[in-house]
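A.B. asks: Give me a model of this one.
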Amino acid sequence: MNYLSLSDYLKDKYGTKVYKLSLTSGCTCPNRDGSISTGGCIFCSEGGSGDFAASFMPLDMQIASARKLVDAKIPEKIPMSDRKYIAYFQSFTNTYGDQKRLMALFKEVLSYPEIVGLSIGTRPDCLSDEMISFLEKLNKDKEVWVELGLQTIHEETAFLINRGYKLPVFDDAYKRLTDAGLKVVVHVILGLPGETNDDILETVQYLSRLQPTLFGIKLQLLHVLKGTKLAEMFQEKPFHIYELDEYCQLVGECLKLLPKETVIHRLTGDGPKKLLIVPLWSGNKKLVMNTMHKYISEL
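C.D. replies: Residues are numbered from 1 along each chain as shown. The predicted structure is shown next:
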């Protein structure tokens, strides 16, 4: 089975492998500061789903720090001047807070010639018309993606995980973003408590029918991490956790539903090993990706 991976999409567009720089905007989240709720989503660690991001510091220092980590993976034969990156603001809600400060930050990061695009993780209920209009202007010069943590279309699960908004809010944000010509990446978590495979496939089917066609999707394996509400729930009443083979099969079913032009940004995801409770097999990234690619290639 063939699918359009993020790596292939970027290589085709930019003529070389493009790497992500995980940066921090200094934002919090309305699901943490009391505006909507406190404590965040039940699966979210203190890092705000950005446990591998650079610490909050001046932008040039963040970029230097992130590049040091990423450049260690890049073949030495590729000159520093030829290396390309996507600036990825992942932790918490990166359009929530002082709009002028954030706009200045996004504009500044795209001024670096080696940075060819910008990816912003946020919530659909934290996208003002002013911010979307600003991102639309940035998108005319360099590629801009907006990443939305939907996780599920099912309202009962959304309430359980403390997501803090209902599905029509996502639908409205998707329309406003795509009307502005911005690319949207949607996050879906596979394995949320109480959800069956059919529930998960209903979410993916919903996204497969979006118009205009969904640009990108992240299929995220549920991780139970220390210090989260989810960990407390799991300890009190354990719920089903996928084995590797089960998960590979489910991902294969998800891929079958998605349009061929939708870019697959992620098939599983990483949880920090020092925080990971289950599934422990997910900590062996090489094993996971080799098993998954073998399974998908045979579909």
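A.B. asks: distance between stretch 63-81 and the chain's centre?
C.D. replies: Distance of stretch 63-81 from its chain centroid, counting by Cα atoms, centre = their mean, to the nearest Å, is 22 Å.
A.B. asks: Could I get the buried residue list for that stretch?
C.D. replies: In terms of neighbour count (16 or more other Cβ atoms under 10 Å), stretch 63-81 has its buried residues at Ile63, Ser65, Ala66, Arg67. To be clear about C-beta, it is placed using only N, CA and C from the backbone, and glycine gets the same treatment.
A.B. asks: Repeat that for stretch 35-45.
C.D. replies: Buried, per 16+ other Cβ under 10 Å, within stretch 35-45: Ile36, Gly40, Cys41, Ile42, Phe43, Cys44, Ser45.
A.B. asks: What lies in contact with it?
C.D. replies: The contact list for stretch 35-45 (Cβ atoms under 8 Å, 6 or more residues apart in numbering) reads 29-32, 48, 51, 125, 149, 151, 160-165, 189, 192, 222-230, 233, 272, 275.
A.B. asks: can you tell me which of those are in strands?
C.D. replies: Applying DSSP state E to the contacts of stretch 35-45, the entries found in strands are Gly149, Gln151, Ile189, Val224, Leu225.
A.B. asks: State the number of residues packed around the last one.
C.D. replies: Spelled out, it's Leu225. 21 (other Cβ atoms under 10 Å).
A.B. asks: List the beta-bridge partners for it.
C.D. replies: Beta-bridge pairing for Leu225 (DSSP bridges): Leu276.
A.B. asks: Tell me who's in contact with it.
C.D. replies: Phe43, Ser45, Ala231, Gly271, Pro272, Leu275, Leu276, Ile277.
A.B. asks: what residue ranges in this structure score low on pLDDT?
C.D. replies: Low-confidence segments of the chain (pLDDT under 70): 47-55.
A.B. asks: All the strands of it, in order from the start?
C.D. replies: Applying DSSP E to the chain gives strands spanning 4-5, 18-23, 84-89, 115-122, 143-151, 183-190, 216-221, 224-225, 263-266, 276-278.
A.B. asks: is it possible to export those strands to JSON lines including distance to Gly252?
C.D. replies: Formatted as JSON lines, the strands of the chain follow (distance: least, Cβ to Cβ, whole Å):
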{"stretch": "strand 4-5", "distance to Gly252": "15"}
{"stretch": "strand 18-23", "distance to Gly252": "25"}
{"stretch": "strand 84-89", "distance to Gly252": "27"}
{"stretch": "strand 115-122", "distance to Gly252": "26"}
{"stretch": "strand 143-151", "distance to Gly252": "20"}
{"stretch": "strand 183-190", "distance to Gly252": "12"}
{"stretch": "strand 216-221", "distance to Gly252": "11"}
{"stretch": "strand 224-225", "distance to Gly252": "23"}
{"stretch": "strand 263-266", "distance to Gly252": "12"}
{"stretch": "strand 276-278", "distance to Gly252": "22"}
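A.B. asks: Which among these is found nearest to Lys137?
C.D. replies: strand 143-151 (9.4 Å; Cβ to Cβ).
A.B. asks: Let's see the closest one as PDB, backbone CA atoms only.
C.D. replies: Listed next in PDB are the C-alpha coordinates belonging to strand 143-151 (Å, rounded to 0.1, in the frame of the first residue of the first chain):
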ATOM      1  CA  GLU A 143       4.400  27.600   3.700                       C
ATOM      2  CA  VAL A 144       2.300  27.800   6.900                       C
ATOM      3  CA  TRP A 145       0.500  24.800   8.500                       C
ATOM      4  CA  VAL A 146      -1.900  25.000  11.400                       C
ATOM      5  CA  GLU A 147      -2.100  21.800  13.500                       C
ATOM      6  CA  LEU A 148      -5.400  21.100  15.300                       C
ATOM      7  CA  GLY A 149      -5.700  18.600  18.100                       C
ATOM      8  CA  LEU A 150      -9.100  17.100  17.300                       C
ATOM      9  CA  GLN A 151      -8.300  13.600  18.700                       C
END
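A.B. asks: List the buried residues of that strand.
C.D. replies: Within strand 143-151, the residues that qualify as buried by neighbour count (16+ other Cβ under 10 Å) are Glu143, Val144, Trp145, Val146, Glu147, Leu148, Gly149, Leu150, Gln151.
A.B. asks: Equivalent analysis for stretch 250-265, please.
C.D. replies: Within stretch 250-265, the residues that count as buried by 16+ other Cβ under 10 Å are Leu250, Val251, Gly252, Cys254, Leu255, Leu257, Leu258, Thr262, Val263, Ile264, His265.
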